[in-house]
Structure formats: C-alpha cells, structure tokens
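*Asks:* Based on what follows, work out the 3D shape:
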Amino acid sequence: MRKIYSLLFVLFVAVAVQAQIQDPVQFKTALKTLSDTEAEIVFTATIDDGWHVYSTNLGDGGPISATFNTDKMTGAQVVGKLKPVGKEIAAFDKLFEMQVRYFENSATFVQKIKFTAATYHVEGYLEYGACDDQSCLPPTQVPFTYSGKTTLSAAAATTATPSAEAVAANAEANQEETLIANIDSVVTAQAPVSADILWTPVINELQAFGGEHSAENMSWIYIFITGFLGGLIALFTPCVWPIIPMTVSFFLKRSKDKKKGIRDAWTYGASIVVIYVSLGLIITGVFGASALNALSTNAIFNVLFCLMLIVFAASFFGAFEITLPSKWSNAVDSKAEKTSGLLSIFLMAFTLALVSFSCTGPIIGFLLVQVSTTGGSIIAPAIGMLGFAIALALPFTLFALFPSWLKTMPKSGGWMNVIKVTLGFLELAFALKFLSVADLAYGWGILDRETFLALWIVIFALLGFYLLGKIKFPHDDDDTKVSVSRFFMALVSLAFAVYMVPGLWGAPLKAVSAFAPPMKTQDFNLYDSEVRSKFDDYDLGMAYARQHNKPVMIDFTGYGCVNCRKMEAAVWTDPKVSSIINDDYVLITLYVDDKTPLPEHVKIDENGTERTLRTIGDKWSYLQRIKFGANAQPYYVLVDNEGKPLNKSYAYDEDIPKYIEFLQTGLTNFRKQK
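*Replies:* Have a look, this model is predicted:
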C-alpha cells in the first residue's frame, strides 16, 4: 500500500507540474535532400489555437525572432539564411511600436545546407518565440542532429569552391564570433548553473499555497457590454429617440388586438437584433477574424479611420449631414407598406437602420474596430453587435408592453443635439488615438506624448465649456440655461482635462495609458518613481538578500513580453505597489530572452531530455522551469532568502488590490519565519 500511495503522490505532483508547463507549439524536423550536394533542414510546427510563432529577422527591440543555430558542423556548410514558409501575418504591434510578422496554426522554416565532404555531421537547434494574448514563452529550442554519407569524392570535396552565399554566411558567422569574443568581462563572469539549495525545486511548496494568481478571460462579456453601451448611446441620438413613440404607437393602433400589437413590437425588436448581428457576421465573413485583427493595427487603415472619425465629428458638430441615399430608405419603406406580416415588420426595422445611419454609423464603426482586436475570433463582432442591437431594440418592446410609459418619455429637443455634439468631441479625441498608431508605425514623430496629451486637454476643456453653454454650434437652441446633468457632465470633462496636465511633465496617467503614445516618446520627463530592479542575476540577488535578511521578489520577464510591459505600466506605477517592492523586497528581474552567451555551454538533463543552456536567458528559463514548474511570462514569485516560496505565484492580472495582497501576504509569511 505504501508503494501505491507513493506512486499516486508522484503522479499527482507530475500532473501539477504539467498544469503550469505550457507546450502550445510542437515542432518536427526533417532533412530533405535536393541534390548530391545540397539539402534542406525543414522545421514544421503545429501551433495551438490562440498562440502564434514569430517569424525571422524582426529587428532589435521586438519579439523573439526565429533563428537557425549550429553547435557542430563538419562536411557541410550553411547556405543563405533561415527562410519562413507559409501564410505569414504582418501587423503593427502597438507595444513594440514596430511591424511584426508571425504564424498562426502552423509554421514552416527551411534552412539550406551544402555538402562539402564525403561524410557530414550537422548538430544544432532552431530557436523561436511564441506568445498568446496572456503570456509569452521564453526562447525555445528545437534541437536536431543529422549524419550521413554523400556521393562527393574525397578529391571533389577537397577542391570544392564555396559559393558566394556560403562565403557571405561564413563572414557573418565570423563577425558574430568576434562580437561574442568582446563581451564585457562583467557579463562573462556570470556564475554557472548552480545545484545548491537556491536551485532546489520548490514546486510542491508553491502548489501548497494554492493556484496561480491570474486574470480570467472575460473578453466575450466585455465585448457584449461594450456593444450594449454603444447601443444605449445611439438610442439617445436625434436619429433614433424620436422614432420610438411613433413606431410603438403604430404597432398598437394598427391592430385592434393588443396582444398582436405587442407581438409585432417584439418582432420589430427581434428584427433589429437580426439585422445588426448579421452585419457583424458579414464583416468577419468578408475579411476573416485574423485579417480584421491585422487590418485594425495597419497604419494606413488607422489613418483612414482617423480621417473618417474627423468627418463624422464635423457632421455631429453641424457642418453637414451624412445620410445614406434617400432612395434606399424610400424603397425599403415603400416595400414595407406593400407587404404584410413578418416581412413588413422586418423591412420597417431595416428602414430604421438606414435612416439612423448618420448617428449609429460612427458608433458601429468604432465598436467593430475595437472588438476585432479584443475578441480574436469570427464571432466577436457578432457578439458586439448583439449587445448593440439589444440596447437599441429594448425600448421598442418595453414601451409596447407598458404603453403608459410613453407619457414619461423625455420629449425631443435640444438635449439630443447636446448628446450628438458630445459624441463629436469624443470621436475627435479617438481620431487622435488612431493617428498615433500610424505615427508610431511610420516614425513621423508628429504626435509624441506631450502633443497628444495637449490636444486631448484642449478637446476635453472645450467639451466642458460647450456643456456649460459657452460655445454654440449651428443646431443648438438659444436657451441659456444649463441643466444639472449638463453641469455635472461639464465638471467631469473639465476635471479630466486638468487631470491630464501633469502628464505633460511625465506623470504616468494610468487612465489614458491605453490611448496615449508610450512614455519613451516623452521629451521632458520629471517622473522618477518607477520600480527599479536591484539585480538581474539570481545568485547575486539572493546573496544580497541573505546579507540584508530581506525577502525576494523574482520577476521572470522578457524583452519581447507584451503583458510584462502592461503590468509594469498599469500595476507597478501604483504608489503602494512601488513602495512595497522598492522598500520591502529585493527585486530580481530575470530576462528569459537575454541573448548574452554564458561563459561556456551547460549540458543539463530535464525530464529525461538532454538540453544545452547557451545564453543567460536559457539559464533563467531553466531556473523558472526546474525550480517553479512554469515557463510563461510575466511570472512573479515571492521567496525567502533561501529560495523557499512565501505565497502562490502571480501571472498577468492588472488587479492592483489583488497584487498588493499578493505582496503583503509574502511579507507576512516571511516575518512569521523570523
């Protein structure tokens, strides 16, 4: 029985470890012979849904590029560079401010080699990076080894002249070796992988604290709520609100049977839902989910969408009226009068969609762009349109069920134009957001952070003055009185404008961090309260912590980790969070994609597989896997100065109170040990 219990315990631990180790990409390698003297090493990947593998040559400062590396090569030489093959997706990444290329579902990389001797031996690895919407993997290696004989004779192999491509490849390799030889002595003094207590696995102890802190995926609910709010805004515009009492009264009066009138109103509301949900499905049906997502981050598209929002804003201000051709709505309305039954009601709902386009069009367009980047699937726009349509259709059915409520409806008037103009100001502000994406893509430098914030400050200040009646537009009435609701809306707008003023001197402004250009575009920055890492070496940081008897926060991150930067911008800038990390912990930041070579390669055996640690990033990635049983970033773990965990781990979750609780629990447990 003891043996059985032991076996069950081992299996439980193995399952627990596997739950945190992510393996979303599976590679296969093959050597494909092209001729007697040439061959290709082919790497074929199968990628899990939601993940993507980055392509080659993405440049510095971006995500991890796929690279071909050799440890030993005799009787052969590399020809050219690693080539990506397949459906490559190109998109502008807002965090890295650069164009990136990646593969979804499957990927293929091909490296050509040339045989130079009668026998050959090639040994090396493909290194790649992979991410999803929540986390990124560290640089991952796909090892390969191929040996064999060729048809080359010894004499031919001796006199073989290398090709121009081979000469260029060798020159590039020699240049890389020269750079490696000149690595700073401080870096090459990094300690090799240690086997002492600091590297001892603590997976069981970490699991004892419970599951990992991480954000739940609420994207579909978020998309629905966003669409619903957009529908509510459209509801109170001059294009929709006056139609409600007329339409409900028509349904109730056209039939002597009240139940039939109510049923017709329900059918009318359902038709609105069908029309707008169909619109969402058509959009993704034409473009495709991934294409729509790529289009939403395309620089040219962002410029066009910026111009479109400016045009709509001018229309809302009263410069002109944007409507669909009147013959469209007239034709549909005429068809509705000639028909009866359900088709007639559906055509009436379609007429509403056409007539209200000047008010609903900008809201729908903005909604579709936003959900295409949030949802990442073909049904995301449909879910957004479902929320929008339900909000738009709800009043028609409710007033049909309770006709007496019609008497309590606010009458049409100047207040609706106030809403319309307010939407114009908001569209103008969001137009700058899309222009900012294009500005970063092309490197124009016309919309840095100060310029962006200055324009937003002016826009929201003018909105506040408009709501107070200090500014008039063509369709505003002459009533000089300001209602209480307008006063509070003006108060909020002016306060928001004042809130952004410190951002001109570098204040983080977390409320607008998702819209404003990155802090690095700030020319003048007085903010100096960022969280700063004390160490980027695990062993040195732990030695310092033991010397000063302090707990340790280990931050497993990456230069190409998107969500790591989000956590640092949204959570670490909180004063209480930064105070706890800076004052109470020794922060050790370990970059798992650090390409700095180790003084010498280290061979390790991991779960029965031999691996080679070649870089500092490999070393920290191995530490994360072997000690904590995880391999995704961001990943935060609190340990005492002997490497034992003080709380459960923490992944991507921008909940600041939860993060503070995570830190304080670790401090409490550390003090109990004393």
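
*Asks:* where does Pro201 land in three-state SS?
*Replies:* coil (DSSP: H, G, I helix; E, B strand; the rest coil).

*Asks:* The closest residue to it other than its chain neighbours: neighbouring residues, count only.
*Replies:* Among residues not flanking Pro201 along the chain, Lys627 sits closest, at 5.4 Å (C-beta to C-beta, 6 or more residues apart in numbering). (C-beta placed from N, C-alpha, C; glycine too.) Neighbour count for Lys627, taken as other C-beta atoms under 10 Å: 21.

*Asks:* Distance of Lys627 relative to Val240?
*Replies:* Using C-beta to C-beta, to the nearest Å, one gets 59 Å for the distance from Lys627 to Val240.

*Asks:* What's the mean pLDDT across the helix or strand containing the residue nearest to Pro201?
*Replies:* Assigned by DSSP states H and E, Lys627 belongs to helix 616-628. Across helix 616-628, pLDDT averages out at 90.

*Asks:* next one: stretch 230-239
*Replies:* On average, stretch 230-239 scores 78.

*Asks:* Would you mind splitting this protein into its domains for me?
*Replies:* 21-164, 206-214+529-673, 219-412 (automatic domain parsing).

*Asks:* just the helices in the stretch 301-450 of the chain please.
*Replies:* In the stretch 301-450 of the chain, the segments counted as helices under DSSP state H, counting those that start in this stretch are 326-338, 341-355, 357-375, 380-401, 414-442, 449-467.

*Asks:* So which of those is nearest Asn631?
*Replies:* Among the helices of the stretch 301-450 of the chain, helix 357-375 comes nearest to Asn631, with 25.9 Å by C-beta to C-beta.

*Asks:* Can you tell me the SS state at Pro143?
*Replies:* State at Pro143, reduced to three classes by three-state DSSP: strand.

*Asks:* Grab the nearest non-local neighbour of it.
*Replies:* Nearest non-adjacent residue to Pro143 (C-beta to C-beta, 6+ apart): Tyr125, at 4.6 Å.

*Asks:* likewise Ile419?
*Replies:* Phe236 (5.3 Å).

*Asks:* sorry, back to before: next SSE downstream of the strand or helix carrying the residue nearest to Pro143?
*Replies:* Using DSSP H and E, Tyr125 maps to strand 119-128. Using DSSP H and E, the helix or strand that follows strand 119-128 in sequence is strand 130-131.

*Asks:* So what's the gap between that following strand and the chain middle?
*Replies:* 12 Å (C-alpha atoms, centre = their mean, to the nearest Å).

*Asks:* Next: stretch 475-488.
*Replies:* Worked out by C-alpha atoms, centre = their mean, stretch 475-488 lies 41 Å from the chain centre.

*Asks:* Point to the residue nearest the middle of the chain.
*Replies:* By C-alpha atoms, centre = their mean, the chain has its centre lying nearest to Asp133, at 5.3 Å.

*Asks:* Can you pull the phi/psi pair for that residue?
*Replies:* Taking degrees, to the nearest 10, you get phi -70, psi -20 for the backbone angles of Asp133.

*Asks:* That one and Asp49 touch, don't they?
*Replies:* No: if you go by C-beta atoms under 8 Å, Asp133 and Asp49 don't touch, sitting 11.3 Å apart.

*Asks:* Nearest residue to Thr67 in space, please, no chain neighbours.
*Replies:* Using C-beta to C-beta, 6+ apart, the closest residue to Thr67 is Glu127 (5.1 Å).

*Asks:* That should have said Asp439, apologies.
*Replies:* Leu447 (4.3 Å).

*Asks:* Just confirm Asn669 contacts Val639, I think it does.
*Replies:* No: assessed by C-beta under 8 Å, Asn669 is found out of contact with Val639, at 10.4 Å.

*Asks:* list the residues that contact both of the two?
*Replies:* Common neighbours of Asn669 and Val639, using C-beta atoms under 8 Å, 6 or more residues apart in numbering, are Leu646.

*Asks:* who has more neighbours, those two?
*Replies:* Val639 (26 against 17).

*Asks:* Now do the contacts for the more buried one.
*Replies:* Val639 touches Val202, Pro551, Val552, Ile554, Pro645, Leu646, counting by C-beta under 8 Å, 6+ apart.

*Asks:* Identify the bridge partners of it.
*Replies:* When assigned by DSSP bridges, Val639 has beta-bridge partners Val552, Pro645.

*Asks:* Distance of it relative to Arg614?
*Replies:* For Val639 relative to Arg614 (C-beta to C-beta), the value is 26 Å.

*Asks:* Quick check: phi and psi at the residue nearest to Asp439.
*Replies:* phi -130, psi 70.

*Asks:* Can you verify my assumption that it contacts Lys433?
*Replies:* No: counting by C-beta under 8 Å, Leu447 stays clear of Lys433, with 9.8 Å between them.

*Asks:* where in the stretch 101-250 of the chain is pLDDT low?
*Replies:* 152-196, 212-219, 238, 246, 248-250 (pLDDT under 70).

*Asks:* How about the stretch 401-550 of the chain?
*Replies:* 403-404, 406-407, 409-414, 440-443, 478-480, 513-514, 518-520, 527-530.

*Asks:* quick one, strands of the stretch 51-200 of the chain?
*Replies:* Listed in chain order, the strands found in the stretch 51-200 of the chain under DSSP state E, counting those that start in this stretch are 52-54, 67-74, 76-85, 89-93, 98-104, 106-115, 119-128, 130-131, 140-149.
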